[in-house]
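In: Fold the following for me, if possible:
(one chain, ligands or ions: 1)
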Amino acid sequence: MRHNRRNVRTIVVLATAASVVLAACGSSSAGPAGAGGRPLAVATTTQVADFTRQVGGSLVDVHQVLQPNVDPHDYEPSPADLDALARASVVVENGLGLETWLPKARSSAGSKGLLVDASRGAPFIRPKDPHLWHDPRNAEHMVRAIAAGLAQADPPHAADYQRNAAAYIGKLQALDADVARQLAQLTNRKLVTNHDAFGYYVHRYGLVFVGAVIPSFDTSAELSGRALSDLVARIKAQHVKAVFSESSLPPKAAEAIAQRAGVRVLEGKGALYGDTLGPRGSDGDTYIKMMEHNARTIVGALR
Ligand SMILES: [Zn+2]
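Out: Residues are numbered from 1 along each chain as shown. Below you'll find the predicted structure:
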């Protein structure tokens, strides 16, 4: 899943051009830089972009860097990303080491936007595992951090951001309770996924993680034949009922393992949303819909 290696030179040229335009506009204040005088927020991942839209409502323009099904563990920014970074009042990142590309991109774009690390201070952190949003209690923290950042960058609308955040957090709490209730019905709670993205989910909802096809927090680890055989053996020995592929990863290895172990593989529309939300119009095009889809899928397969 390596993309976007090209365009490095274009990026530098465009970033320079963007800084020049910014300077030419005499934009010395930290004020609004989006369309129609609204502040522009750059949000890196599909999840933090959704949170930022929920909190910002119609008051903020959001430039979402990562698109659905683009691997967040290996991204290189486009010229449009750098242009947005140059103009942004706020830059929202997931943090926990996910956005390795961001420091360099911010500096080449000359970004003066307030950086919000949405995971900083989150209540349930697994060291080195960036997939914290799969625990809605962490999502709640991320939404609060984003609201605080927007309020700091745009003080006249601080109360609006706090109000939007509070309303959305109410929905997140209801979601969390609903997912917990659904998963509590399961007697077989054993999970095998495509890569190791569901540690927070497993911890929050009391599942048992048996293994991942790619046994790594990122998506680039190589699989050995020995590791695959071991996973097949564990699936059989522990009576795992299904292998869950992820919507943003190729299902081939998951299919092969499920076939060798003689269990079901969930793929295509039945795959879990792991690293990214789904494209617009899909079952997972918002954070809340993504969590509902994953719960439904897991309960449906393990019941
Ligand atoms: Zn991941």
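
In: who in this structure is up against the ion?
Out: By C-beta under 5 Å from the ion, the part of the chain that sits against the ion consists of Ala197, Asp275. Every residue, glycine included, has its C-beta placed from N, CA and C.

In: ranges for the strands of the chain?
Out: Here the chain has its strands, by DSSP state E, at 40-43, 61-64, 90-93, 114-117, 190-195, 208-214, 242-244, 264-266.

In: May I have the beta-bridge partners of Val92?
Out: Ala43, Val116 (DSSP bridges).

In: one step back: taking the strands of the chain together, which one is wrapped up most tightly?
Out: strand 40-43 (a mean of 29; mean count of other C-beta atoms under 10 Å).

In: Pull the residues that contact that one.
Out: By C-beta atoms under 8 Å, 6 or more residues apart in numbering, the residues outside strand 40-43 that reach it are 32-34, 49, 51-52, 56, 60-65, 81, 84-85, 87-92, 111, 113, 150.

In: That strand - what's its average pLDDT?
Out: The average pLDDT for strand 40-43 rounds to 98.

In: show me the biggest helix of this protein in terms of residues.
Out: Using DSSP state H, we find that the single longest helix of the chain is helix 158-184.

In: Buried by neighbour count: which residues of it qualify?
Out: Buried residues in helix 158-184, defined by neighbour count with 16 or more other C-beta atoms under 10 Å: 160-162, 164-165, 168-169, 172, 175-176, 179, 182-183.

In: Mind giving me the packing neighbours of that helix?
Out: Using 3 or more C-beta pairs under 8 Å, 6 or more residues apart in numbering; DSSP states H and E, the elements in contact with helix 158-184 are helix 46-56, helix 136-153, helix 199-205, helix 287-302.

In: Export those to TSV and append columns for mean pLDDT.
Out: What follows is the helices and strands packed on helix 158-184, written out as TSV (pLDDT from 0 to 100):
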stretch	mean pLDDT
helix 46-56	98
helix 136-153	98
helix 199-205	98
helix 287-302	98
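
In: can I assume Phe51 is in contact with Ala145?
Out: No - using C-beta atoms under 8 Å, Phe51 makes no contact with Ala145, being 9.0 Å away.

In: Distance from stretch 203-210 to the middle of the chain?
Out: Distance of stretch 203-210 from the chain centroid (C-alpha atoms, centre = their mean, to the nearest Å) equals 20 Å.

In: tell me how far the ends of it are from each other?
Out: Separation of the first and last residues of stretch 203-210 by C-alpha to C-alpha, to the nearest Å is 13 Å.

In: With distance to Glu292 added, can I get the strands of the chain in TSV?
Out: Converted to TSV, the strands of the chain look like this (distance: least, C-beta to C-beta, whole Å):
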stretch	distance to Glu292
strand 40-43	22
strand 61-64	21
strand 90-93	23
strand 114-117	26
strand 190-195	17
strand 208-214	21
strand 242-244	16
strand 264-266	15
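
In: what's the closest of those to Leu277?
Out: Shortest separation from Leu277 across the strands of the chain is recorded for strand 61-64, at 9.8 Å, computed as C-beta to C-beta.

In: Break the chain down into its domains, please.
Out: 8-178, 185-302 (automatic domain parsing).

In: Quickly, which of the ones you listed bottoms out on average pLDDT?
Out: Among the domains of the chain, domain 8-178 scores lowest, at a mean of 88.

In: Distance from the chain centre to that domain, please.
Out: Offset of domain 8-178 from its chain centre (C-alpha atoms, centre = their mean): 12 Å.

In: What of stretch 177-185?
Out: Worked out by C-alpha atoms, centre = their mean, stretch 177-185 lies 22 Å from the chain centre.

In: and the gap between Gly110 and the ion?
Out: As defined by C-beta to the ion, to the nearest Å, Gly110 lies at a distance of 30 Å from the ion.

In: Next: Tyr205.
Out: Distance, Tyr205 to the ion, by C-beta to the ion: 18 Å.

In: tell me the contacts of that residue?
Out: Taking C-beta under 8 Å, 6+ apart, one finds Val179, Ala180, Leu183 in contact with Tyr205.

In: Grab the nearest non-local neighbour of the first one.
Out: If I follow you right, that is Val179. Spatial nearest neighbour of Val179, chain neighbours left out: Ala295 (4.5 Å); criterion: C-beta to C-beta, 6 or more residues apart in numbering.
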